[in-house]
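Trainee: Here is my input, please return the structure:
(2 chains, ligands or ions: 2)
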Amino acid sequence: MNEFRFIGVDTARPDAPDKVSGRAQYIHDITLPGMLWGAIRFSDHAHARIRHIDTSEAEKLPGVEAVITAYNTPEVRIGFLRDNFALKRDKVRQFRDEIAAVAARDPETAREAAALIRVEYEPLPGVFSPEEALVEGAPLVHETDARGRARKDNIVPVRFAHHSGDLEAGKRASRHVVEGEYRVPLIQQSCMGTAGCIASFDARGNLTLVAKTQIPFLAQKDFNRALGALGLEGRNTRVVVPALGGGFGTGLDTHAYEYIAMLLAWRTGRPVKILYNREEEFAFLSPRQSASARIRQGCDENGRLTFREIEVVQDNGAYTSWGATFPSVMLVPATSLYRVQNVSFESKIVYTNNTYCQAMRGYGNPEITWPIESSIDELAELAGIDPFDMRLLNCNQPGETTPMGLKITTCGLKECLERTAASLDWKEKRGRQDAKRRGVGMAGVINVAGGGKIYRSDGSGIILKPDDYGNVNVSYGGVEMGQGLHSALALTVAEALGIRPENVIVNQTDTASCPWDVGTHASRGAFMACNAAVLAARKLKARLLEWAAEIYPQEVEEALARARRHSSFKEPDFDWRDAARRGQFELANGILTVTGAPELPELQVDFGRLLRAVHFRRQGPGTTFAEDAFYEPPTELPDWDKGIGNMSATYAFGAQGVEVEVDEETGEVKILRLVAVHDVGRVLNPQTLKGQIYGALAQGIGYAMYEQVLTDKGRVLNPGFTDYKLPTACEMGFPIDVQLVETNDPEGPFGAKGVGEPGLVPTAPAIANAIFDAIGVRIRDLPITPEKILLALRQRR
Amino acid sequence: MKVPLRFLLNGREVALEVQPHARLLDALRDYAGLTGTKEGCGEGECGACTVLVDGRAVNSCLYPALEAEGCAVLTVEGLVSAQGGLSELQQAFVEEGGAQCGFCTPGMVMSAAALLSENAAPSDDEIREALVGNLCRCTGYTQIVASIRAAAQKAGKAQS
Ligand code: FES
Ligand code: FES
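Mentor: Numbering: from 1, shown residues only, chains lettered A, B, ... in the order given. Ligands and ions are numbered 1, 2, ... in the order given. As a prediction, this is how the structure comes out:
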């Protein structure tokens, strides 16, 4: 029985009609009057000194309005550690380094001019893997840090570590210990809508940036700092977010191309658009890091975990984005997926001359759940225990505090595991290794689900502004990138206020009109937005119901007077005046009435009429009004050195299982079915929630089996969908059973947890575990290709 | 040097002047101003640019504009009725959650339109087969397939 009117009910998304009819406006579709097109000249070397840049040919090309380099523009430093520059001088450190840029009348001319720029280099030896970069005396990617101090090695100076309990005691208490090294590849987020922006200045030097971003307010801060570098201190940036053709983490940083558009717009005095094509997106936008992890885990004779020890090495590439902080999120599963007391986690983030990396959905979690959940199966195998039983035995429980200090409020992991096993017929299917080479495997997940504090505020503001027609406009600073945030917001405001979802209008995200929000990441979008919306809606409702005491009797009297003119009218057999005097008002479904009133139109005041009556008040001054709220979740900024701190207000759990069939002749893995059971707290909109999980599963399958950006000495070899394989509708043609477990989290809006990311986290280890069950070989290196299966089979023989 | 190009765009005669090497995608987006058709790759791999030329689904990023001379071209904007109402197929994408970020959606809808015009009651496998040239990074395809299935069923019911 649903206690809500809209929450939990399948509802079409408010943005869907525009999207299915081609009306949604992406950065690709926006043109401003007088707009120029920018193009970037990227480096021809992975590591080299810049000897000379000759832009004269480019400048002569008709239609070119400006050519800029680091030598004729102010220095604009960018990046999480400010180790990157909008335009490079002296040295390039990766193939995609931006050396020069052009603004021209059309994109073809701009690209042609960029190609005419001649650069002389002095090539330098490079480092193309963490192993090479960590060798004593290896070439330095950065000779100095942002403050100009000499650097001695290629280690990025940020530390994420955790040591709790007594590791040695844990090892001594172990009956069984497994150890393995696991790898994950470089992959591309592959938003269907490529990256781009439009920069324009007003005559006072204020910047407007139409940006494909997930962090409008942190971007505003970054751009304001860059305005300072242009001598425009105190001027402001307005960040406007168009419809996004996917985000998946690509919008978590500001990018060199955005600063270049800004520099070109400032130089030319005209709006400048830069838009990446697919090849540029692959070669020049930051992908998800490759990493390796060494893991040791032990258990006692009953299968209880005794210790866990992990060392991660992450290939950062040449510059540092927020994505370098992946280990901050790795700490969550490393310390807290299943109950384990003695934990050690160390991470090394290493500069190389590879393309620099950035965030992607899951943010470190898939990278680390891959080794943990594979290793749990290895341990269970060694101990002779069913891996499902081992997971249940070590399952997280509600109310526990984990070694990282995570406070587990609600936890549906046990139910998720049990339902996964039931859906797969686990007990019958596992361990058969029959002639068909079929096997089953499962894996679990813990993920932040109530924000993820990595900044001094993890909060979100919101403004609700009613109009005269019964609508409420919502100004929210987070970003709809396809995940369904606006749908969740519309349902929440409607539910909490008592109006209909179609009367909730979510405005375009714009730093000029929306309150601050830290950004749409860490599965925090709906959790934050809806918590803030509930707070603001309560305030708005309380205020309206105060007005109701004056307005309701007036409106009802008037309606009754009108009704009495009809001879058939009968006076309502209900003392509505008394109910109104007692303040027993109810606003639901866009109708104001009093408790217990019969359903007569005369006793109902619709929401628009109520608002108009407040605005155009009969006696005394009327008013318009809006309400705002700021929700800051009850979380802590962890001490990263110690890896301790309750970074999220709640945690999402889940389990996934697969049945596979492996062809030992070809190495092909066929997925026969997949089950995903997720603890989502509470379902806001089943349709969009399932959409998030289905989509995440496809990304999980891609990560597990298909995707890899191939590089050779820093150069991307497969910059397109021809050679970079995404799962298509056919690869995803197996049956998928998605089940949602509602744990009704006390901190969640209506009990909901954030669910954007968990769906892609356990997919790869579940598949690898199923492959082991089918053919007895363990793959430790993603993606799991037929070649790797065949190699592993050969090695076993 | 631009050259004239005439074709039937969403049921209306259009006369454009385009660069000789322009792609049909450019003719639609840059010259005719219909930006509903998307460019996701420009190399025939993603299907975001799918439109119908004389009823056949093509990747407009690979299709020379001049080859559309005299043809009937249907884009996602053309599925909408004159009154602005969504077609049954588009409505099914709305109701079944077939669009998330929406960038692949115009191409998906057009591939689906081509399929349904040839096969009024496709199986799920046939739907997936018809979408093999259309990449989506958001949905995992499940709700797209459901949208197309729902549209076909609704049309089937209307028939009988
Ligand atoms: S844009 Fe035409 S297939 Fe991708
Ligand atoms: S809905 Fe985003 S790519 Fe398909």
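Trainee: And the pLDDT at the nearest residue to A:L710 once chain neighbours are set aside?
Mentor: Distance criterion C-beta to C-beta, 6 or more residues apart in numbering or on different chains; nearest residue to A:L710, sequence neighbours excluded, is A:L717 at 4.3 Å. Quick note: C-beta positions are derived from backbone N, CA and C, even for glycine. Listed pLDDT for A:L717 reads 97.
Trainee: repeat for A:N2
Mentor: For A:N2, the pLDDT comes out at 64.
Trainee: Any figure for the gap between B:R6 and chain A?
Mentor: Distance, B:R6 to chain A, by C-beta to the nearest C-beta, to the nearest Å: 22 Å.
Trainee: Around that residue, how many other residues sit close by?
Mentor: 13 (other C-beta atoms under 10 Å in any protein chain shown).
Trainee: Each with direction, which strands does the helix or strand that contains it pair with?
Mentor: Here B:R6, judged by DSSP states H and E, is contained in strand B:3-9. Strand B:3-9 pairs in its sheet with strand B:12-18 (antiparallel), strand B:72-74 (parallel), by DSSP bridges.
Trainee: Find me whatever residue is spatially closest to A:D202, sequence neighbours aside.
Mentor: Among residues not flanking A:D202 along the chain, A:T208 sits closest, at 7.4 Å (C-beta to C-beta, 6+ apart).
Trainee: Would you mind giving the secondary structure of the one you found?
Mentor: Secondary structure, DSSP: H, G, I helix; E, B strand; the rest coil: A:T208 is strand.
Trainee: I'd like to know how many residues surround A:V240.
Mentor: Neighbour tally, A:V240, other C-beta under 10 Å: 18.
Trainee: which residues does it bridge with?
Mentor: Under the criterion used (DSSP bridges), A:V240 bridges to A:V210, A:D510.
Trainee: pretty sure it is touching A:K212, no?
Mentor: No: using C-beta atoms under 8 Å, A:V240 is not in contact with A:K212, being 10.9 Å away.
Trainee: Now do the residue nearest to A:D202 against ligand 2, distance only.
Mentor: 26 Å (C-beta to the nearest ligand atom, to the nearest Å).
Trainee: So that residue is in contact with A:Q220, correct?
Mentor: No: with contact defined as C-beta under 8 Å, A:T208 does not reach A:Q220; the gap is 10.8 Å.
Trainee: list the residues that contact both of these two?
Mentor: Any residue near both A:T208 and A:Q220 by C-beta atoms under 8 Å, 6 or more residues apart in numbering or on different chains counts here, and that gives A:T237, A:R238.
Trainee: residue contacts, the residue in the stretch 251-400 of chain A that chain B sits nearest to?
Mentor: Nearest to chain B in the stretch 251-400 of chain A, going by C-beta to the nearest C-beta, is A:R278, at a distance of 4.2 Å. Contact partners of A:R278, counting by C-beta under 8 Å, 6+ apart, are A:T194, A:P719, A:G720, A:F721, B:G40, B:C41, B:G42, B:E43, B:E45, B:C46.
Trainee: can you tell me which of those are up against ligand 1?
Mentor: Among the contacts of A:R278, proximity to ligand 1 is found for B:G40, B:C41, B:G42, B:E45, B:C46 (C-beta under 6 Å from any ligand atom).
Trainee: Can you report how many residues lie near the fourth one?
Mentor: Yep, that's B:E45 we're talking about. Per other C-beta under 10 Å, the neighbour tally for B:E45 reads 20.
Trainee: one step back: and the strands paired with strand B:3-9: which comes nearest ligand 2?
Mentor: strand B:72-74 (20.4 Å; C-beta to the nearest ligand atom).
Trainee: and chain B, which residues reach ligand 2?
Mentor: Residues of chain B lying near ligand 2 by C-beta under 6 Å from any ligand atom: B:A99, B:Q100, B:C101, B:G102, B:F103, B:C104, B:T105, B:C136, B:R137, B:C138, B:T139.
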